[in-house]
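Q: could you work out the structure for the sequence below:
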Amino acid sequence: MTPLEQSEKDELTARILHRLSKTPYACHSLTQLTNGTTNFVFRGALTQPLSPPLQFQDGINQSTAAASTVIVKHSTDFAALNKDLPIDSSRSAVEETMLSRVPINFPYSDSTVKTPHLYLFDRETNTQVLEDIPGAVDLKTVFMSPAANVVLSKSFATSIGRALGSWLRSFHTWSSAASQADIQADTGIGHNEPMRELKYRITYGSFIKVLEQFPDVLGDHKKTLEEVEASAINDFKKAAGDEQDEEWGIIHGDFWTGNVLLPEAQQPEKETKLYIVDWEFTQFGCRAYDIGQMIGDLYERKHFRDTEGALWAIYAFIEGYGPLSEEMAFRVAIHTGVQLITWVTRGSPLHMRPAWATLERATALLRLGTTFILKGWEKDKEWFKSSVLTNLFV
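A: Down below sits the predicted model:
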């Protein structure tokens, strides 16, 4: 990976500050945050705090508190962590559209899941100014914390999982409504070809390559796995205009714990407040991809860190999403397996990973992921009934 030189970062920051100086969101400083991998993400200290009530780009006055900081997200035609990796900058316009259209929150009886407010989108420079959530931490950090088994009581982890599942079902239902037909038809959203291609490349386009590095896991299954890959290739060719069933539609596209924020001082006994971020992967696709990605990601926390709350969250997430057809359940199982296998590609080489990411544990994860794919492809419902994915088939 080749990150920007410090002088290049300084120049980029100066350009953003200059651009913002002509808006109500002028900042006297930008502090780069560490959670930006494809985009440059900063916390901006406003020159003049925003006075309540705050007027958001969606036209809704929601906040009654002054804001002294904002989040500034800047997209370039290369990845923030690797300037040699090209990524289409049109992704920022996709995210702007979704943040402007997705309801701020869907109604729940015992939880609140929202999207952050978008104050401003500078289309010319692909720069967003977003609501800053004070003291927010991503859910991945919570589940990976050494104190996870203390913080994540069964009730707290269950409430998080159920809230995410219920929200995701509501989002999928909302995006399929007749009133949202223009989103599905829009070639910039429903298709979002640059990010669809990237999503394929980092999932079904790479999982067999990973297993080829572990021949004992791959065994004699390559032909079957190639059939799975071929099926996925056809899936990624499907368009919103094609006749599909209710298992297809607009998906978030990158639904994992790193894209879920919550206040670090969240009180477990109080209402669960979560924020869904990073909408640039939004595209037309199979909804099993959103569901399977979250399940696989949560299971990784259990597998490597022995975080019991991850299992409770998985069970509640599936329950919160609600009933699935048998065909959909098998699709989710397959995608969960792909998510587990491609853990290898999401980070440094294995020998440079933390001590908990041993070769033995990694191999066991790949073996389980491969089994999920094979059993899902074979539609072996009985096997899944005694697995961590049993709730998919309830």
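Q: what residues of stretch 323-341 count as buried?
A: In terms of neighbour count (16 or more other C-beta atoms under 10 Å), stretch 323-341 has its buried residues at 324, 328-341. Placement of C-beta: from N, CA and C, glycine included.
Q: report the distance from it to the chain centre.
A: 17 Å (C-alpha atoms, centre = their mean, to the nearest Å).
Q: what does stretch 373-383 give?
A: 26 Å.
Q: alpha carbons only: can I get it in PDB?
A: Coordinates of each C-alpha in stretch 373-383 appear next as PDB, following Å, rounded to 0.1, in the frame of the first residue of the first chain:
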ATOM      1  CA  ILE A 373     -21.000 -22.500   1.200                       C
ATOM      2  CA  LEU A 374     -21.100 -26.200   0.400                       C
ATOM      3  CA  LYS A 375     -24.000 -27.000   2.700                       C
ATOM      4  CA  GLY A 376     -25.900 -23.900   1.400                       C
ATOM      5  CA  TRP A 377     -25.300 -24.900  -2.200                       C
ATOM      6  CA  GLU A 378     -26.400 -28.500  -1.500                       C
ATOM      7  CA  LYS A 379     -29.400 -27.000   0.400                       C
ATOM      8  CA  ASP A 380     -28.700 -29.200   3.400                       C
ATOM      9  CA  LYS A 381     -31.300 -27.800   5.800                       C
ATOM     10  CA  GLU A 382     -30.700 -30.500   8.400                       C
ATOM     11  CA  TRP A 383     -27.100 -29.700   8.800                       C
END
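Q: re the thing from before, show me which of the buried residues of stretch 323-341 is closest to Gln180.
A: Nearest to Gln180, judged by C-beta to C-beta, of these is Met328 at 20.7 Å.
Q: quick one: contacts of stretch 163-173?
A: Stretch 163-173 is contacted by residues 102, 106, 108, 110-113, 249-252, 255, 260, 272, 274, 276, 287, 290-291, 294, 313, 316-322 when judged by C-beta atoms under 8 Å, 6 or more residues apart in numbering.
Q: just the ones in strands from these, please.
A: Counting by DSSP state E, the part of the contacts of stretch 163-173 found in strands is 111-113, 249-251, 260, 272, 274, 276.
Q: farthest-separated two in the residues you listed?
A: For the ones in strands among the contacts of stretch 163-173, the farthest-apart pair by C-beta to C-beta is Gly249 and Thr272; their separation is 25.6 Å.
Q: picking up where we left off before, let me know the closest of the buried residues of stretch 323-341 to Pro146.
A: Closest approach to Pro146 among the buried residues of stretch 323-341 (C-beta to C-beta): Leu340, at 22.8 Å.
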